[in-house]
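Undergrad: give me the fold of what follows.
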Amino acid sequence: MIGGVQNIGRVPELQKRILFTFGMLIVYRLGAHIVTPGINPEVIRIFFEQMGGTMFGLFNLFSGGALEQLSIFALGIMPYISASIIFQLLTVVIPQLEQLQKEGDQGRRKITQWTRYATVVIALVQGLLLAVALENGQFGEGAVLEPGWGFRLMMMLTLTTGTAFIMWLGEQITERGIGNGISLVIFSGIVVSIPSALASLMELIRTDQFTLLGALMLMAFSVLVTGFVVYCERAQRRIPIQHARRVVGRRVMQGGMSYFPLRLNTAGVIPPIFASSILMFPLTITQFVESEAINNFFSDYLSFGSLLYNVVYVALIMFFAFFYTAIVINPNDVADNIKRSGAYIPGIRPGKRTAEYIDRILGRLTLLGAIYVSAVCVLPVILSNRVGVPFYFGGTALLIVVGVALDTVGQIEAHLVSRQYEGFVKGTRLRGRLGR
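TA: Down below sits the predicted model:
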């Protein structure tokens, strides 16, 4: 590890990319503390202290606390993520979009451009709804200093501009920095809460509300869980593919063996995000509905951490894991591509048999991946309700942090290995993860 860090300084281009990435993330974090004009931030802060287990708490997590402060980056990158998911789903439904996606870089650039336009529209709508909610006192009385259409338009333009700037900043990191820019923006918003969580734990130890031995055991458990998540995120099932010999001019190209990798967690963090959004929606609605019967029903049966809540949460994660994996990987298309390239899976007939074989393996992997994601996402509920852990550990945040960290380290490895420098991980290193 130390040797790998030292080698970064020997590659000027990589060093510039890393410094550029840190610089852009610093700009993002500074903007997250600039309060939107026309609101009372103290009223908003008190409101969010009571809304940790609702949809607002989820959005606040992904905005890096910007929504809690109602800063100019309050909407975060969520409108862009929503637009990207919408277009990804539409490519399955609309044949024209599917064909455009298959055209290569030109088609993908056009879809990306449409995604940006959709992001602006979604941000404008969300900005207007947020402004109206603030004026109606749903975030607390006195949250808006001067209500009216002037405030609403200013709110819409400010928050939409902030989202557009974050979107541009993420794209700049992807092109000129290291790692996926959008993912790193979310990553930075999550990890900034770690120092405050540790400070809260230290305060509980100081006041004898939490034992030192319990804190050490908790830290050891956190390291083990993080290691388990890293192992599962890197796990893959490599399907061997045999390439037949080809005749190119007068030369005979020998066939070789390659691998088609299938990840254990193909759907990534999409299933828990969708599941959390669906479950937190009724909990959020109860904050604005005066019906006592509805409030009692949701508080009794679907409150955060209840048995029914966890059962429905796991069921939704399972469903979205299979649903999203079916969108991302089509076994029939994979089998057709293998057949067109003159390759085959040893022991499996090309065509329909190959598609059935890939579909069977993909189904088993998706089931295991869904169980693993469900266990990680239910972990924070168990730790907070049963053990009394004073901070949020696990769930979607842990999956995002680990996934983004692995992807960024992988790109740094690629830069070092391409210049024949030793990377962070010895032994198998990058080629062991990508498949030989």
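
Undergrad: so where's the stretch 51-200 of the chain uncertain?
TA: Filtered on pLDDT under 70, the stretch 51-200 of the chain yields the residue ranges 51-59, 61-62, 138, 140.

Undergrad: if we use 90, what do you get?
TA: Residues of the stretch 51-200 of the chain meeting the criterion pLDDT under 90: 51-113, 115, 125-152, 155, 170-171, 174-200.

Undergrad: same check, this time on the stretch 251-400 of the chain
TA: 251-314, 320, 323-352, 354, 375-400.

Undergrad: so which residues of it form strands?
TA: According to DSSP state E, counting those that start in this stretch, the stretch 251-400 of the chain carries its strands in the segments 251-253, 257-263, 343-344.

Undergrad: and the ones you listed: which comes nearest P147?
TA: Smallest distance to P147 across these (CB to CB): 49.6 Å, for strand 257-263. C-betas here are computed from N, CA, C, even on glycine.

Undergrad: helices and strands around that closest one, which ones?
TA: Strand 257-263 is packed against strand 236-243, helix 352-382, with contacts defined by 3 or more CB pairs under 8 Å, 6 or more residues apart in numbering; DSSP states H and E.

Undergrad: mind giving me a markdown table with these and columns for distance to T211?
TA: Shown next, in a markdown table, are those (distance: least, CB to CB, whole Å):
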| stretch | distance to T211 |
| --- | --- |
| strand 236-243 | 40 |
| helix 352-382 | 19 |
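
Undergrad: ranges for the strands of the stretch 51-200 of the chain?
TA: In the stretch 51-200 of the chain, no strands are found when defined by DSSP E, counting those that start in this stretch.

Undergrad: can you pull out the helices in it?
TA: Residue ranges of the helices in the stretch 51-200 of the chain, as given by DSSP state H, counting those that start in this stretch, are 55-62, 66-69, 78-93, 95-101, 105-135, 149-176, 181-191, 194-206.

Undergrad: most tightly surrounded among those helices?
TA: helix 66-69 (a mean of 24; mean count of other CB atoms under 10 Å).

Undergrad: now what about that helix, what contacts it?
TA: 31-33, 35, 41, 44-45, 48, 56, 59-60, 73-76, 189 (CB atoms under 8 Å, 6 or more residues apart in numbering).

Undergrad: please apply the same query to stretch 256-267.
TA: Stretch 256-267 has contacts (CB under 8 Å, 6+ apart) with 232-233, 235-243, 320-321, 324-325, 328-329, 334, 338, 343, 358, 361-362, 365-366, 368-369, 372-373, 434-436.

Undergrad: restricted to buried residues, select those in ChimeraX.
TA: Filtering the contacts of stretch 256-267 down to the buried ones (16 or more other CB atoms under 10 Å) takes a single ChimeraX command:
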select :232,233,236,239,241,243,320,321,324,325,329,334,338,343,358,362,365,366,369,372,373
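
Undergrad: follow-up on the earlier one: distance to R10 for the strands of the stretch 251-400 of the chain - can I get that in TSV?
TA: Converted to TSV, the strands of the stretch 251-400 of the chain look like this (distance: least, CB to CB, whole Å):
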stretch	distance to R10
strand 251-253	37
strand 257-263	31
strand 343-344	39
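
Undergrad: looking at the ones you listed, spot the one closest to V92.
TA: The closest of the strands of the stretch 251-400 of the chain to V92 is strand 257-263. By CB to CB, the value is 19.3 Å.

Undergrad: the closest one pairs with which strands, parallel or anti?
TA: Strand 257-263 pairs in its sheet with strand 236-243 (antiparallel), by DSSP bridges.

Undergrad: mind saving the C-alpha coords of the strand it pairs with as PDB?
TA: The C-alpha coordinates for strand 236-243 follow below in PDB (Å, rounded to 0.1, in the frame of the first residue of the first chain):
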ATOM      1  CA  GLN A 236     -18.000 -12.400  -9.700                       C
ATOM      2  CA  ARG A 237     -18.800 -15.500 -11.600                       C
ATOM      3  CA  ARG A 238     -16.700 -15.800 -14.700                       C
ATOM      4  CA  ILE A 239     -18.200 -17.800 -17.500                       C
ATOM      5  CA  PRO A 240     -15.500 -19.300 -19.800                       C
ATOM      6  CA  ILE A 241     -15.800 -18.500 -23.500                       C
ATOM      7  CA  GLN A 242     -13.800 -20.400 -26.100                       C
ATOM      8  CA  HIS A 243     -12.900 -18.500 -29.300                       C
END
